[in-house]
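Enquirer: sequence first, predicted model second:
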Amino acid sequence: MHMADALLAPAVAGTMYAFSAAAAGHSIYKLRKDDDPKKLPTMAVSAALVFAGQMINYTIPGTGSSGHMCGGMLLSALLGPQAGFLSMIVVLLIQCLFFADGGLLALGANIWNMAFYGCFVGYYLIWRPLMRGRLFGEGKGAQRGRIILASVLGCIITLQLGAFSVVLETSLSGITELPFGGFVALMQPIHLAIGLVEGLITAAVLCFVYESRPELLRDINISAAGKARHSLKTTIAILAVLALVVGGGLSLLASSNPDGLEWALFGNAEEGYSENMGLDEDDYGISSSAAEKAESIQESTSFLPDYSFADSDSPVGTTVSGIVGAAVVAAVAGVICAAFGFFRKRKA
Amino acid sequence: MNKLETALRDISEMDRLAVKSSPVHGLSPLAKLLVTVAYIAVTVSFSKYQLSRLFIMIIYPLLMFSASGIKISTCLYKLRIVLPLVAFVGLFNPIFDRSPMLRIGGVAVSSGVISMITLMLKGVFCLMASFLLIATTPMDSICAALRKLHVPSMLVTLLLLTYRYIGVLTQEAAVMSDAYALRAPGQKGIHFSAWGSFTGQLLLRSMDRAEELYTSMQIRGYRGEFPYAKSSPFCGRDALFAAVCIGIFVLLRFVDVASLVGGLFVR
């Protein structure tokens, strides 16, 4: 997600520098106020660790591909948001200077997209509330469940925000002809998958730290570390149920309005945006002849058309569709993973 | 060679280049930093169709590379990191922007192709300028320049310490990766069962190392700020270099030198 200088206009780059500098100024002020002289070497060594750790390849089971650790969430869980943010700035600066990973002018944008969301949003909105809450109950297993949930959620959300910012900054700079909606539709799903994998790897590292030295992690109830009420299997089962509940619950809120890509292609006449890309909905849209044929095929194959039971408009249908959809996607992903694994073994 | 060892090699290569001696190496780090930032800002400020005007900007990296005695090829392999995202964004331009802009012989070139090439060139030029800065300036000198620009001492000290420890920890991670790979032949990365313990062990050791580091810093009299032993002064020669370079960049930005020179030969 590191942006090169070429992807930004100077005005956008300057604005992002200003935002990042404000966040850095706040962090330095806060750390000076805390006045902990030991913090600086710890920050430096942690930053160096994140730099090295991001180059270690972790095999993703069944796929043959590999993932990496998420630095922002790890640093904010270890050092807190302000110290984590400054450490991430330094990591990004060194990556930019020595490895050409991201540009010098684009550094402000990169800091915002990766360090700010990862450290501040990840810590204040996800890590701290989850660690201080009592989700999954008391005890060691519950704490581990909260760490896994916070890492996975944190990585997914902060990466989504970061990817969206990349699209926004690039589009505002006016250097790409790719329509905003299309660009978003390309970037977000890729980073959803990356976020999930990074979240799991970061969770594994943080769980290990929790087992060995829980005092190193922020906002962790150390007294609970001794008691184990839930096993890891129970925690995973609870997480699975929670995923089903979230999948089912959120699908009730799913909008039937045109999404960003549709809006970008055809516009929205009711809102007064008639010609976004100048495409004629009669030729390309949902009423074109090709679309009608595709629709008839889809109708005959789908058992839950438009996320509801056929011939039913009840919210129950929508909820069931959400759960079934999640299960089908998981099953398809499992089959693809297995297929990858099978072909890799045959190749070997 | 694994990724960690490649990174170590890259860092030591840059360190080796930075301590060479040449007219460019002798310039004040502050002057080089200012000129580099000005160059990148001017380069990216050209509009997406100003290909010929942008192309003239190649003069600065070419001259600096030859004056510093560093081969351009040493920086070009770094393009593998920069170009993918730039190319990903740029490749859509010829698809969406098809209006013909110029004709070369009988072939019409669309404005999308021009904007794609402009974008790629911007990426390459900016990379060359950043590379030149770091290849001709040691890290402690860059930190001293940042202090002169009133970047907070906490951030600069953190940068210097992190840079020092990146070598140590990357080396340690590389040794661990090699040891793991030797015990798990045919496996591409770290197995799922060792995800936590692999980096976790390194993390715990690093935290102990940070304690030792702090103690050793205190013993050596650390009181919140590092003294920068060799801070090259910003003299008249540096001011002249910065003024001339930035002046030329501004001139190239506002005057279409490419067309003026072209007009001498083509009517």
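Expert: Here it is on my side, so go on. Note that the structure is a prediction, hence the values are computed from the model and not measured.

Enquirer: and whatever helix or strand A:Leu97 lives in with chain B, contact?
Expert: Element membership for A:Leu97 (DSSP states H and E) is helix A:81-99. Yes: if you take CB under 8 Å from any CB of the partner chain as the test, helix A:81-99 does meet chain B, through A:Leu86, A:Ser87, A:Ile89, A:Val90, A:Val91, A:Leu93, A:Ile94, A:Cys96, A:Leu97, A:Phe98, A:Phe99. Bear in mind the C-beta positions are built from the backbone N, C-alpha and C, glycine included.

Enquirer: tell me how many other residues surround A:Ala18.
Expert: Using other CB atoms under 10 Å in any protein chain shown, A:Ala18 has 11 other residues around it.

Enquirer: ok, now which ones touch the residue nearest to it when sequence neighbours are not counted?
Expert: Spatial nearest neighbour of A:Ala18, chain neighbours left out: A:Gly108 (7.4 Å); criterion: CB to CB, 6 or more residues apart in numbering or on different chains. Shown in contact with A:Gly108 (CB atoms under 8 Å, 6 or more residues apart in numbering or on different chains): A:Ala13, A:Gly14, A:Thr15, A:Met16, A:Tyr17, A:Ala18, A:Phe19, A:Ser20, A:Ala21.

Enquirer: can you tell me the helix or strand for A:Gly108?
Expert: Here A:Gly108 sits within helix A:107-110, counting by DSSP H and E.

Enquirer: ok, back up a step: average pLDDT for the helix holding A:Leu97?
Expert: Averaged across helix A:81-99, pLDDT comes to 92.

Enquirer: next up, the contacts around residue 97.
Expert: Using chain A. A:Leu104, B:Ser130, B:Leu133, B:Ile134, B:Ile142.

Enquirer: other chain: chain B
Expert: A:Glu177, B:Ser110, B:Ser111, B:Gly112, B:Ser115.

Enquirer: for B:Glu5, same thing?
Expert: B:Glu5 makes contact with B:Ala174, according to CB under 8 Å, 6+ apart.

Enquirer: now do the strands in the stretch 51-200 of chain B.
Expert: Secondary structure of the stretch 51-200 of chain B by DSSP state E, counting those that start in this stretch: the strands cover B:100-104, B:107-110.

Enquirer: quick one, which of those gets closest to A:Ser46.
Expert: strand B:107-110 (49.2 Å; CB to CB).

Enquirer: list the buried ones in the closest one?
Expert: Buried residues in strand B:107-110, defined by neighbour count with 16 or more other CB atoms under 10 Å in any protein chain shown: B:Ser110.

Enquirer: next: stretch A:112-131.
Expert: Quick answer for stretch A:112-131 (16+ other CB under 10 Å): A:112-123, A:126-128, A:130-131.

Enquirer: one more: stretch B:44-53?
Expert: Applying 16+ other CB under 10 Å to stretch B:44-53 flags B:Val44, B:Ser45, B:Phe46, B:Lys48, B:Gln50, B:Leu51, B:Ser52, B:Arg53 as buried.

Enquirer: which of those sit farthest apart?
Expert: Across these (CB to CB), the longest gap, 16.6 Å, separates B:Val44 and B:Ser52.

Enquirer: coming back round to it: and which of the buried residues of stretch B:44-53 is nearest B:Phe96?
Expert: Distances from B:Phe96 to those, taken by CB to CB, are shortest for B:Lys48, at 12.3 Å.

Enquirer: that closest one in helix, strand or coil?
Expert: coil (DSSP: H, G, I helix; E, B strand; the rest coil).
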